[in-house]
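S.K.: attaching a predicted model along with its sequence, questions to come.
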Amino acid sequence: MAVSQARIGVIVSASRPQAGPTTAPARTTLRTLLARLDSRALRTHLGTVVGVAILGVLLWRLGTGVFLDGLRRIDAPTLLVALGIGLVTTVFSAWRWQLVARGLRIRLPLGPAVADYYRALFLNAALPGGVLGDVHRAVRHGQSAGDLGRGVRSVVLERVAGQAVLAFVGVGVLLTMPSPVLADARHFAPLIAFAALGALAVVWALRMNRATSRRGRAVRASLGEAREGLLSRRNLPGVALSSAVVLAGHLVMFVVAARVAGSAASAAVLLPLAVLALLAMSLPLNVGGWGPREGVTAWAFGAAGLGASSGLTVAVVYGVLSFVASLPGVVVLVVRWYAGLRAGAAGTGAGTVVPDPGPRQAPTGHSVDVLPVSIEKYAPKESTRLARSAFPFSAEPSEGRPMTPESV
């Protein structure tokens, strides 16, 4: 079959579409986006991003009037009540920390523990993430105790004790009291129970494992410290009592916030909603504690028939009262910062030079010239001391315990 020259020319000269120039930019953009999503900076600030996103959605759906209404309802007596509740919860939290530190053989007096806990609460409320104050408390306590690892583990175990009591009480409340999640809680309760039994089985297997690997020894050592710090006969009653008092204080604060916000619901109705809000607060996806608490409280109040706007107002009032309860931490920061400045100013005159006493007679009758003796190199450098003392979050460790204004 003959083919014309025109057809051949068309076939040969026709250019095929190239996908490279059009799809390459799209692939490059996709790879860049995935790389940014997997970046360390985004993972570090993921909690802040999520918290801001939740607050943005609430503002978009409910408006700013709900936030302003919650702020207008707070008066001076309410702030005093918040400070009183905060004092009780902070003292008992510091006592729980002291008990755990004692189980790990770390000296921690109650007074410095209360001051450090107030400082950590304020930093948690003022800085994004909601946990930076606890991180600072753990590092400073470990440095002052001379054992950074044990200092950090004492704070971690203390926080785990509080979250464990919250989970235990929360599950009991959500399984027995009417709430928007009562049916779901009863449905997932068996699964949670089986998961808990599985975790206990794993812990028991690790304990019975006689392997001499480095990881096995580390796991057994951690389990031993957890048992001594939390579950020993000496510490368990105090840890349980202090955790129960702290949880009760948070629940009372929530009821006070609901009354200030104008909610007429009974305490029996508010208790499951408060538990849901506290469970949401334990998620590290917030901005100084704000974000999931407001979202979950608004949803829970709406599902319970109390109104999502009312729930958001309650959450706003609770957040403000919690922040006010942590304000004594500002006093701790200022006092220690000022004490550090005074210590730094006093240390600047330490590098003095002893004047030359002149030549003295050696025992053999020979004259020996004595050089000027300087103690400057034994004194702390001025720049280093001032740099440490000018930062209000730092304090010089002494005697194996966190510093107080009296010990500087």
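M.R.: Nice, thanks for sending it over. Numbers count the residues shown, from 1 in each chain.
S.K.: next, residue 287: phi, psi?
M.R.: Phi and psi for residue 287, reported as degrees, to the nearest 10, are phi -120, psi 90.
S.K.: which strand residues bridge it?
M.R.: Beta bridges link residue 287 to residue 290 when assigned by DSSP bridges.
S.K.: that one touches residue 126, doesn't it?
M.R.: No: Residue 287 sits out of contact with residue 126 when judged by C-beta atoms under 8 Å, with a separation of 10.4 Å. C-beta here means a position set from N, CA and C on the backbone, and glycine is covered the same way.
S.K.: lowest-pLDDT helix or strand in the protein?
M.R.: Each helix and strand of the chain was given a mean pLDDT (mean pLDDT, DSSP states H and E); the minimum falls on helix 382-389 at a mean of 41.
S.K.: send the alpha carbons of stretch 158-174 over as PDB?
M.R.: As requested, the backbone C-alpha atoms of stretch 158-174 are provided in PDB (Å, rounded to 0.1, in the frame of the first residue of the first chain):
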ATOM      1  CA  GLU A 158       6.000  13.700  89.000                       C
ATOM      2  CA  ARG A 159       4.100  14.700  85.800                       C
ATOM      3  CA  VAL A 160       3.300  11.100  85.000                       C
ATOM      4  CA  ALA A 161       1.700  10.600  88.400                       C
ATOM      5  CA  GLY A 162      -0.600  13.600  87.900                       C
ATOM      6  CA  GLN A 163      -1.600  12.400  84.400                       C
ATOM      7  CA  ALA A 164      -2.200   8.900  85.700                       C
ATOM      8  CA  VAL A 165      -4.600  10.000  88.400                       C
ATOM      9  CA  LEU A 166      -6.400  12.300  85.900                       C
ATOM     10  CA  ALA A 167      -6.800   9.300  83.500                       C
ATOM     11  CA  PHE A 168      -8.000   7.000  86.300                       C
ATOM     12  CA  VAL A 169     -10.500   9.400  87.700                       C
ATOM     13  CA  GLY A 170     -11.500  10.600  84.300                       C
ATOM     14  CA  VAL A 171     -12.300   7.200  83.000                       C
ATOM     15  CA  GLY A 172     -14.400   6.500  86.100                       C
ATOM     16  CA  VAL A 173     -16.300   9.700  85.700                       C
ATOM     17  CA  LEU A 174     -16.900   9.300  82.000                       C
END
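S.K.: let's have the chain start at 718 instead
M.R.: Sure, I'll start counting at 718 from here, so that last one is stretch 875-891.
S.K.: give the buried residues for that stretch.
M.R.: If you call a residue buried by 16 or more other C-beta atoms under 10 Å, then stretch 875-891 has these buried ones: 875, 876, 878, 879, 882, 883, 886, 887, 888, 890, 891.
S.K.: of all those residues, which two lie farthest apart?
M.R.: Using C-beta to C-beta, the pair of the buried residues of stretch 875-891 lying farthest apart is 875 and 891, separated by 24.7 Å.
S.K.: if I look at residue 832, how far off is residue 976?
M.R.: Remark: distance between residue 832 and residue 976 (C-beta to C-beta, to the nearest Å) = 31 Å.
S.K.: so where do the strands sit in the stretch 968-1117 of the chain?
M.R.: Assigned by DSSP state E, counting those that start in this stretch, the strands in the stretch 968-1117 of the chain fall at 1077-1078, 1084-1085.
S.K.: check those strands for me: which has the lowest mean pLDDT.
M.R.: In terms of average pLDDT, strand 1084-1085 trails the rest of those, at a mean of 44.
S.K.: same for the strand or helix carrying residue 918, what does it pack against?
M.R.: Assigned by DSSP states H and E, residue 918 belongs to helix 899-925. Counting contacts by 3 or more C-beta pairs under 8 Å, 6 or more residues apart in numbering; DSSP states H and E, helix 899-925 is packed against helix 865-893, helix 931-943.
S.K.: what's the closest of those helices to residue 1016?
M.R.: When these are compared for distance to residue 1016 using C-beta to C-beta, the nearest one is helix 865-893, at 14.6 Å.
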